[in-house]
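Student: Need a 3D model of the sequence below.
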Amino acid sequence: MKYIIWFFFLVCLSSIVCGYALDVSFSQKLIGFGVLGLFFIVIPLFSWYRWKDKNPKDYMLTKENLDKMRKSEKRRKS
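Tutor: Residues are numbered from 1 along each chain as shown. This next block holds a predicted model:
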């Protein structure tokens, strides 16, 4: 999955660079498709890949997590 994300990232980045570097009639479309690919393909795939095995409740500010943070803060100060 990591290599697929890299592949799409490189394709989108090269599309943007080619859109700026080449003097063709469809250069603005190359830039646009590169940006759309980054925001609608690469970023969602990357987010899903990084968060797929994690529990979101570990990152929420609940009463239990706040109590854990306070306890760890007291241990550091002592």
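Student: Could you pull up the contacting residues of Leu66?
Tutor: With contacts defined as Cβ atoms under 8 Å, 6 or more residues apart in numbering, Leu66 has no neighbours. Bear in mind the C-beta positions are built from the backbone N, C-alpha and C, glycine included.
Student: This structure: strands as residue ranges?
Tutor: Along the chain, no stretch is classed among the strands by DSSP state E.
Student: helices or strands up against the longest helix along it?
Tutor: Across the chain, the helix with the greatest residue count (assigned by DSSP state H) is helix 2-21. Other elements packing on helix 2-21 under the criterion 3 or more Cβ pairs under 8 Å, 6 or more residues apart in numbering; DSSP states H and E are helix 27-37, helix 43-51.
Student: Tell me where the model's unsure across this structure.
Tutor: For the chain, the stretches flagged by pLDDT under 70 are 78.
Student: at 80 what do you get?
Tutor: Within the chain, the stretches with pLDDT under 80 are 58-59, 74, 76-78.
Student: From the centroid of it, which residue is nearest?
Tutor: What sits nearest the mean C-alpha location of the chain, by Cα atoms, centre = their mean, is Ile43, with 4.3 Å.
Student: before we move on, back to that, tell me which residues of the longest helix of the chain are tucked away?
Tutor: 5, 8-9, 11-12, 15-16, 19 (16 or more other Cβ atoms under 10 Å).
Student: between those residues, which is nearest Pro56?
Tutor: Within these, distances to Pro56 taken as Cβ to Cβ reach their minimum at Ile5, with 21.0 Å.
Student: ok, the closest one - contacts?
Tutor: Under the criterion of Cβ under 8 Å, 6+ apart, the contact list for Ile5 reads 42, 45-46, 49.
Student: could those be laid out in TSV, adding distance to Asp67 and neighbour count?
Tutor: Rendered in TSV, the data for these read as follows (distance: Cβ to Cβ, whole Å; neighbours: other Cβ atoms under 10 Å):
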residue	distance to Asp67	neighbour count
Val42	38	20
Leu45	36	16
Phe46	33	17
Tyr49	32	13
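Student: Okay then, goodbye and thanks.
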